[in-house]
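Trainee: structure, please.
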Amino acid sequence: MTSSSKPSVLFVCVHNAGRSQMAAGYLTALAGDRIEVRSAGSEPADQINPVAVEAMSEEGIDITAASPTVLTTEAVKASDVVITMGCGDACPIFPGKRYEDWELADPAGKGIDDVREVRDDIKAHIHQLISELIPVPSN
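Mentor: Residues are numbered from 1 along each chain as shown. All right, here's what the predicted structure looks like:
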């Protein structure tokens, strides 16, 4: 892990407007301050997908303060786990990092029902990730 005592996760998708923002929102909400969360895009959009914002608000998670951010080498270097969501080869690879690619439908241009499906897929992935990064202490 990085120099801090808590793991750090970077979510990457092309526009950093839907999938990666929903994933970051879930991880922040569910893990609290136990995991450092970042998100970025290889070609960031101008704003977060409003349907993704709506879908997350149905879960009680507000991602309106987030904004699409460009993927930097520094963000990858500073993260323990890098999770890509369809950014292909745009994500730099560094030794010692854990990389995962989550195959998720792109919610761009989709209606709320389709975005809810993507959101729910992301939520399942996030629960699995938390269980791997924050072991439950045994008594």
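
Trainee: now the longest helix along the chain: buried residues?
Mentor: Across the chain, the longest stretch assigned as helix under DSSP state H is helix 112-133. Buried residues in helix 112-133, counting neighbours by 16 or more other CB atoms under 10 Å, are found at 115, 116, 118, 119, 121, 122, 123, 125, 126, 129, 130, 133. Placement of C-beta: from N, CA and C, glycine included.

Trainee: same deal with stretch 95-105?
Mentor: Buried, per 16+ other CB under 10 Å, within stretch 95-105: 102, 104.

Trainee: one more: stretch 36-46?
Mentor: In stretch 36-46, counting by 16+ other CB under 10 Å, buried: 36, 37, 38, 39, 40, 41, 42, 44, 45.

Trainee: now it: mean pLDDT?
Mentor: For stretch 36-46, the mean pLDDT works out to 94.

Trainee: can you check stretch 75-95 too?
Mentor: Stretch 75-95 comes out at a mean pLDDT of 81.

Trainee: start and end of that stretch, how far apart?
Mentor: Using CA to CA, to the nearest Å, one end of stretch 75-95 lies 14 Å from the other.

Trainee: what about the helices in the chain?
Mentor: Under DSSP H, the chain gives helices at 19-31, 50-57, 73-77, 112-133.

Trainee: distance from the chain centre to the first one, please.
Mentor: With CA atoms, centre = their mean, to the nearest Å as the basis, helix 19-31 stands 6 Å off its chain's centre.

Trainee: kindly calculate the angle that it makes with helix 112-133.
Mentor: 50 degrees (axes from the mean of the first three to the mean of the last three CA atoms, to 10 degrees).
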